[in-house]
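Q: Predicted model, plus sequence, below.
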Amino acid sequence: MLTLFILLPLAGAVMVLMLPQARAHEAKVVALLFAGAAFAVSIVAFVLLDRGAVGYQFVDRFEWIRAADAGFSIHYVVGMDGLSAPLVLLLGLLGTVSVLVSWNIELRAKEYFAYLLVLEAAVAGVFLSLDLIQFFLFWELELVPMYMLISIWGSGRKEYSAMKFLLFTLGGSAFMLVGFLLMGFSAGTFEIAELTAKAPTDAVVPLALIFWAIMLAFLVKLPVFPFHTWLPDAHTDAPTAVSVMLAGVLLKMGGYGILRIALPILPQQAHDSRFILAVLAAVSVIYGAIITLQQTDLKRLVAYSSVSHMGYVLLGVSAMGALGLSGAALQMFTHGAITGLLFVAVGLVYDRTHTREISQMSGLMHNMPLIGSVMVIAGLASLGLPGMAGFVAELTTFLGAMPSQPAATIAAIFGVVLSAGYILWMVQRVFHGPPSPRWAGLTDAGTWWERTAMGSLVVVILAVGIYPALLTDTVQAGIEPIVRIMEALA
Amino acid sequence: MNWQDQFHLIGPALALFIGAGVVLAADITRPGRVPVWGLTLIAIAIAGLYTLWHSVTGTRGAAFDGAIVVDDFSIFFAFVIVTTAAAVTLASRDWAVTFDQTPEFFALLLVSAGAMLVLAQSVDLIMIFIALETTSIAQFVMAGIARDDRGSEAGLKYLLTGAVAAAVLLYGFVFLWGLAGTTELAGIAAFVAQGDEALRLPLMLAFVLVAAGFGFKMAIVPFHAWVPDVYQGAPIPVASFLSVASKAAGFAVVLRVFYVGLGGGGTFIADDWAIMFGVFAAASMLFGNLGALLQTNVKRLLGYSSIAQAGNIAVGLAAVAAGSTLGPSGVLFFIGTYVATNLGAFLTVLVVSQRLGSDELSAYAGLIRRSPVAASILALCLLSLTGIPPTAGFIAKVYVFNAAVRTDEMWLVALVAIAVVNTAISAYYYLRWVRTMILDAPADESSFAPSYAAQAALAAAAIGVIFVGLIPTPLMAAAQRAAEVLQ
């Protein structure tokens, strides 16, 4: 079933490419069908997942590269547990939303939707892979469609941003590969389940070095200060759908990698590094928030807020306890939904105003009450208002991190104040105030695809905020094995 | 052993040599009226079928007083070389009709390829030297065959550096012979196995000289200086042949001489040559990639890129020396994938530059709209050279780096770290090229398609790149079989 979730977008990409040129305008329909089918698969998998069971479920497995006599064999293994299930669901949802918000794409439409679907398949592969080499394969595969999507359909300095994104990720993943090979060699297997059960105790280089080699790739992806500089550029210059995918699921690849690979396989080294991680997290939260306050570009503002909010994920990780890890896993889901929605709204505003300069906008609420309201909802969720998804995740993170990392947590809590500042100030400048005559002719979100894209995300954010157990049960089942490993150390 | 059986074992090479003779003779007797292109293909096809016959009938054995063998290793390289020659010939079709030295070019190609087959079969220093010189001399002429200014410069440069390399190699061989008292690799191996510390310095002198001589063929730093100029100046079919077949043959003979003759892992000098190839590998990757970063001419760019790729293969050689069981098959597997990938890249350049009338990077702007087939295949091959999945280059890099990490040597782990950082550097220039083809506006909108022969060669390379990327096990098994006979 999970293989289907990877194959459906890929099949969609092939179908889109095979459309005759005269029917290129139907590419979006085909893409929506396949993205929607993948979303349906992810819903089914999420619902059917047994919360009480330990270990991976819906496992598909066969031998992919066989050279076992020489000690080199790689399996294709996909599986899901409570940690990956919410992210897969989020990917299914955002994959569909990103097709919807691209409904107006005319330029080289076939290629565009094909790349978008390949991107979804690659990220799905990362979330579902249970073999390190396979994980790395999908991790690298995601670069090609991202590079193309930003550099062809982006705006501004799109080629510079795309190359910067690519080189940062490749630079980080280069070290990740060395780390994976070393781990695989010292443990005799590349399978994550076996590595987790039997953590490597010895390698030719110190294990701490391996830990940091792997973490570098994840920290770049997350991104954490000082490796975050690619993110604002990539976000600002990317088309709306790509920003949604980037903020919504691609950043989560970093957090997911930390929780799935770095912590369970090298728990001792992770435990030793928790203070450094907490400091990096606090710096990211505060630094990201301060930089966000100074932004004059609407999209850049949301982008920098991601740096700040992904810092919470790392903060939760650095606590290394049940609550903190739950918080980190929840924050990944909620940030994906909330920031995805923020980027959708920003994209819709930009489609109408053709500027992202906050200073040039004023009183947009008069013309577009729906988009404005959605922006307010997403903004309030982003700053952690109770009753919305963001609150649940942030509160859990802070409660989890407080006992073990008090200083960093207090610093990070101050980040919430700052985020209230930049979100409310942004909403006030853009949507309230006197209506500007320049924007008098603008219309609200009227088409079905705009409304569906926004509506579905609003529903998710409110649902998780009002009834968090929808998510928390699953997440707790997912992080329980990690918690057990970490507690065995303490 | 009777003479028929002996010649049976070098049958594929003989087919190519005879083919060369037929091509030349036919052109002398009926100038301009013989389809030399077809004759060349037929000769290559016979050589390929002959190799296949060797392979499936289990024909193995030694001939000519043990100087020549047929084993899984020689058959692996025979397929590599024959495939390369066939692909280059197919893709040269459009180019050949505009060129008045065509018969000579194809005859030289056949001679050079035939000598490479012999080279991969040689297990005796004298035979190795003869085969190496035969293939080299044919290549010297091929490099200068265009007879314009750049072509002559390329030919002369290649000849001079090649002559020096041959002299150095021969000097090294003489030391080996003087020390071991035999020119047979098996005899040298027996000698090294019994050797002691007193022999260390003389042996090191010998193998450094030998490595320098072969380094020229493999085009690794610091024996690489000829590469960019020759690749740029020589006709593109020649450059593609040099960058693929000649390099593969170089690595084949290095594996034979060093792994069989000097022993991997166990012997007392193994660490020395391990570190030597480690240094060559690191230097090749760094110089190759940094050199490629600023190139605006695609032939020069591919020249530097092939230096960097040779560095990747040399990582595998260092692992071989350090005793990795995966090392020899890693080198062979990487060569197999490199052949498909680099052939795809070079042959597309051959086909495209012919139409564009330029081999500047800027001429490739918007190629995807002018020739979608050529641009897609070239982009695929460039991704494979970078090592991005799901292409063959990705699996090859993982395999070789894995072999190096598995030696449990700290410095090899560091070498792999250098290698992966270099992968990130190389992404910049490979993907810049992809970007130029896909994003930039074309200078003119006229579209074109390569000839069917060229399309067949390109499609074969592209299918190879994707197939090995998705299902690497068959090639991996072949590489392992070939590597096993060396132990």
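A: Done, it's in.

Q: So in the chain, which helix runs the longest?
A: This is for chain A. In chain A, with assignment by DSSP state H, the single longest helix is helix A:322-353.

Q: wrong one, chain B
A: helix B:149-180.

Q: buried stuff in that one?
A: B:151, B:153-155, B:157-159, B:161-162, B:165-166, B:168-170, B:172-173, B:175-177, B:179-180 (16 or more other C-beta atoms under 10 Å in any protein chain shown). For every residue, glycine as well, the C-beta is placed using N, CA and C.

Q: Low-confidence ranges, the chain, go.
A: You didn't pick a chain, so chain A it is. A:67-72, A:490 (pLDDT under 70).

Q: wrong chain, I was asking about chain B
A: For chain B (pLDDT under 70), the answer is B:264-266.

Q: Close to chain A: what parts of it are there?
A: B:325-326, B:329, B:383, B:387-390, B:394-395, B:398-399, B:401-403, B:405-406, B:408-410, B:413, B:416-417, B:420-421, B:423-424, B:427-428, B:431-432, B:435, B:438-439, B:472-473, B:476-477, B:480 (C-beta under 8 Å from any C-beta of the partner chain).

Q: Quick check: the residue of chain B nearest chain A.
A: Closest approach of chain B to chain A (C-beta to the nearest C-beta) occurs at residue B:420, with a separation of 3.6 Å.

Q: Please look at that residue and residue A:181 and confirm they touch.
A: No: between residue B:420 and residue A:181 there is no contact, the gap being 9.4 Å when judged by C-beta atoms under 8 Å.

Q: what's the overlap in contacts for those two?
A: Common contacts of residue B:420 and residue A:181, defined by C-beta atoms under 8 Å, 6 or more residues apart in numbering or on different chains, comprise residue B:401.

Q: Give me the more crowded residue out of these two.
A: Neighbour count, other C-beta atoms under 10 Å in any protein chain shown: between residue B:420 and residue A:181, residue A:181 has more, with 25 against 22.

Q: That one is in contact with residue B:416, isn't it?
A: Yes: counting by C-beta under 8 Å, residue A:181 touches residue B:416, with 7.1 Å between them.

Q: overlap in contacts of those two?
A: By C-beta under 8 Å, 6+ apart, the residues touching both residue A:181 and residue B:416 are B:401, B:405.

Q: tell me the phi and psi of residue B:391?
A: phi -100, psi 170 (degrees, to the nearest 10).

Q: ok, residue B:469 - contacts?
A: Counted by C-beta under 8 Å, 6+ apart, residue B:469 has contacts B:384, B:389-395.

Q: could you point out which element follows the helix or strand where it lies?
A: Under the criterion of DSSP states H and E, residue B:469 resides in helix B:452-470. The C-terminal neighbour of helix B:452-470 among helices and strands, as given by DSSP H and E, is helix B:473-484.

Q: residues near the closest residue to residue B:150 other than its chain neighbours, how many?
A: Nearest residue to residue B:150, sequence neighbours excluded (C-beta to C-beta, 6 or more residues apart in numbering or on different chains): residue B:233, at 3.9 Å. Around residue B:233 there are 25 other residues, counting by other C-beta under 10 Å.

Q: swap in residue A:373?
A: Residue A:373: 16 surrounding residues under other C-beta under 10 Å.

Q: Could you verify that it is part of a helix?
A: Yes: the assignment for residue A:373 is a helix, going by DSSP: H, G, I helix; E, B strand; the rest coil.

Q: if we can go back for a sec, neighbour-wise, which one of the contacts of residue B:469 leads?
A: Neighbour-wise, those (other C-beta under 10 Å) top out at residue B:384, 33 neighbours.

Q: Determine how far the host helix or strand of it lies from the middle of the whole chain.
A: Per DSSP H and E: residue B:384 is located in helix B:372-386. Centre-to-centre, helix B:372-386 and its host chain are 19 Å apart (C-alpha atoms, centre = their mean, to the nearest Å).

Q: which SS class is residue B:445?
A: coil.

Q: so who does it touch?
A: By C-beta under 8 Å, 6+ apart, the contact set of residue B:445 is B:369-370.

Q: ok, the closest residue to residue B:464 other than its chain neighbours - how many residues close by?
A: Once flanking residues are discounted, residue B:464 sits nearest to residue B:340: 3.5 Å by C-beta to C-beta, 6+ apart. Residue B:340 has 31 neighbours, counted by other C-beta under 10 Å.

Q: relative to helix B:452-470, how tilted is the strand or helix carrying residue B:340?
A: Using DSSP H and E, residue B:340 sits within helix B:327-356. On the basis of axes from the mean of the first three to the mean of the last three C-alpha atoms, to 10 degrees, helix B:327-356 is oriented at 150 degrees to helix B:452-470.

Q: what's the neighbour count on whichever residue of the stretch 151-300 of chain A sits closest to chain B?
A: Nearest residue of the stretch 151-300 of chain A to chain B: residue A:174, at 3.6 Å (C-beta to the nearest C-beta). Look at residue A:174: counted by other C-beta under 10 Å, it has 25 neighbours.

Q: and it, what element?
A: helix A:158-187.

Q: For stretch B:269-287, buried residues please.
A: Across stretch B:269-287, burial judged by 16+ other C-beta under 10 Å covers B:269-270, B:272-278, B:280-287.

Q: how many neighbours does residue A:48 have?
A: So residue A:48, with other C-beta under 10 Å, has 12 neighbours.

Q: Can you tell me how far residue B:44 is from residue B:430?
A: 30 Å (C-beta to C-beta, to the nearest Å).

Q: Over to residue A:330?
A: 40 Å.

Q: out of those two, which sits in the busier spot?
A: Between residue A:330 and residue B:430, residue A:330 has the larger neighbour count (other C-beta under 10 Å), namely 30 against 26.

Q: show me where the chain has strands.
A: You didn't pick a chain, so chain A it is. A:57-67, A:72-80 (DSSP state E).

Q: sorry, should have said chain B
A: B:61-63, B:68-70.
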